[in-house]
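[1] What would the 3D arrangement of this be:
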Amino acid sequence: MGPSRLIFALEGREDIPIYDIWLARELGEEIAEPLDVKGKGNVLELSRLISLSESAEKDKVMLCVDHDFDGTRGSSIPANTYVTSAYSIENLLVSEACIDRLLIRAFNAAGAEQEVRRSIVERFARLLGEFNGAMLHPNAHARFARLSKIECPGFPDRIEPIIDVTLDAVRAKVDTTNTQECVQYLRLSASPLPSVLHEHVEFLRQSNLTSTGRGKFLLDFVRKFLAQVFEDRRAVNPRLFKESNKSLPDPCHNLLVNLANASPTASCFRKFVQEQVTRWRADGLAAPGTL
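    Next up, the predicted model:
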């Protein structure tokens with residue numbers, strides 16, 4: 001690895017495709033080498049250690065952490081560390097604009113099917129609202145668990161146990177407002193007091209849950225929605241599209257790559273990268289003709 005190579009430290013390997021695509025837009029030919037440091041705590045600790053280093057090359061390292069429910073865990077964040085403005089990087093991929101572009105690129109829904117695309121995007125927005133409503137209390141229980149440091153083997157990534165998604169509606173399979181159901185689904189070792197849970201529910205209710213809710217839940221909803229749109233596109237007599245197309249690859253394969261390519265770079269991340277480039281140039285760390 002040459003001395004001019006940038007290093008970008010991430011929480012996990014699944015984030016690499018997203019940041020690699022976004023960084024390529026911002027840095028052009030400059031390559032940011034991804035480094036999986038395996039977890040938010042390790043990124044925060046690496047950020048702290050780099051901030052204490054006297055090496056000028058520390059400024060050629062960028063780090064990223066998801067905000068999650070617990071923010072920066074009380075750590076001060078130096079200028080070379082990016083904290084997502086939403087719960088996670090996955091949340092920043094989910095928008096009507098992204099779905100619209102994905103319908104063009106992955107479903108060939110352009111030209112004469114522009115109105116079809118608009119209808120599908122409207123359907124997505126409606127179902128997303130229903131999903132966020134159904135997941136309000138599970139997210140509140142997850143927030144309680146994270147901020148109260150409740151032991152659990154890890155939150156599930158899939159929503160199948162409690163949520164069913166069709167092209168017509170989002171249906172809760174269980175009472176998602178019931179604490180016992182939420183505790184069982186999330187595999188928590190303790191339940192919140194009603195008054196404590198109420199605070200978490202109200203906090204999330206007053207927010208945009210697409211931004212503040214757990215990203216893995218949201219991503220699974222998007223996956224299920226797109227899978228059914230894909231099935232419809234391949235059907236002999238599709239409901240949503242004007243005609244069938246069985247030759248298209250499944251957009252749910254490499255879903256994060258497809259979403260990242262269809263999503264505009266998050267403005268908060270673009271601003272972060274621009275600030276890094278400005279500092280590298282000021283410190284003479286940017287190679288001539290790059291950045």
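[2] Just the helices from this protein, written as ranges.
    16-27, 40-52, 96-107, 114-134, 136-147, 179-186, 194-205, 209-212, 215-234, 255-262, 267-282 (DSSP state H).
[3] Now mean neighbour count and mean pLDDT too, for those, in a markdown table please.
    Yep, even glycine has a C-beta here, placed from its N, CA and C like the rest. Compiled in a markdown table, those are given as follows (neighbours: other CB atoms under 10 Å; pLDDT from 0 to 100):
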| stretch | mean neighbour count | mean pLDDT |
| --- | --- | --- |
| helix 16-27 | 18 | 93 |
| helix 40-52 | 16 | 89 |
| helix 96-107 | 19 | 96 |
| helix 114-134 | 17 | 97 |
| helix 136-147 | 23 | 98 |
| helix 179-186 | 18 | 98 |
| helix 194-205 | 14 | 98 |
| helix 209-212 | 19 | 98 |
| helix 215-234 | 20 | 98 |
| helix 255-262 | 20 | 97 |
| helix 267-282 | 15 | 90 |
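[4] So which of these is nearest S247?
    helix 215-234 (9.0 Å; CB to CB).
[5] roughly how far is the closest one from the heart of the chain?
    Relative to its chain's centre, helix 215-234 lies at 15 Å (CA atoms, centre = their mean, to the nearest Å).
[6] Of all the helices of the chain, which one comes closest to V170?
    Closest among the helices of the chain, once you apply CB to CB, is helix 114-134, at 3.9 Å.
[7] Out of the helices of the chain, flag the one nearest K242.
    The nearest among the helices of the chain, by CB to CB, is helix 114-134 at 6.1 Å.
[8] measure I99 to G28 for me?
    28 Å (CB to CB, to the nearest Å).
[9] picking that back up, V61 is nearest to which of the helices of the chain?
    helix 40-52 (5.9 Å).
[10] helices or strands up against the closest one?
    strand 6-10, strand 61-65 (3 or more CB pairs under 8 Å, 6 or more residues apart in numbering; DSSP states H and E).
[11] picking up where we left off before, would you turn the helices of the chain into CSV with distance to R5?
    Listed next are these as CSV, based on distance: least, CB to CB, whole Å:
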stretch, distance to R5
helix 16-27, 11
helix 40-52, 16
helix 96-107, 30
helix 114-134, 39
helix 136-147, 35
helix 179-186, 41
helix 194-205, 41
helix 209-212, 33
helix 215-234, 29
helix 255-262, 22
helix 267-282, 12
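[12] which stretch among these comes nearest L167?
    helix 215-234 (5.2 Å).
[13] Compare the helices of the chain and give me the one nearest R158.
    helix 215-234 (5.4 Å).
[14] Who are the packing partners of that closest one?
    Counting by 3+ CB pairs under 8 Å, 6+ apart, helix 215-234 packs on helix 96-107, helix 114-134, strand 163-165, helix 255-262.
[15] contact partners of the third one?
    What that stands for is strand 163-165. 127, 131, 134-135, 159, 170-173, 176, 221, 224-225, 228 (CB atoms under 8 Å, 6 or more residues apart in numbering).
[16] Swap in 10 Å and give it another go.
    127, 130-131, 134-135, 138, 159, 170-174, 176, 185, 217, 220-225, 227-228 (CB atoms under 10 Å, 6 or more residues apart in numbering).
[17] can you check the first one too?
    Helix 96-107 is touched from outside by 92, 95, 109-111, 113-114, 116-118, 120-125, 128, 222, 225-226, 229-230, 232-233, 240-241, 245, 248-252, 255, 258-264, with contacts defined as CB under 10 Å, 6+ apart.
[18] how far out from the middle of the chain is that helix?
    17 Å.
[19] and the angle from that helix to helix 215-234?
    40 degrees (axes from the mean of the first three to the mean of the last three CA atoms, to 10 degrees).
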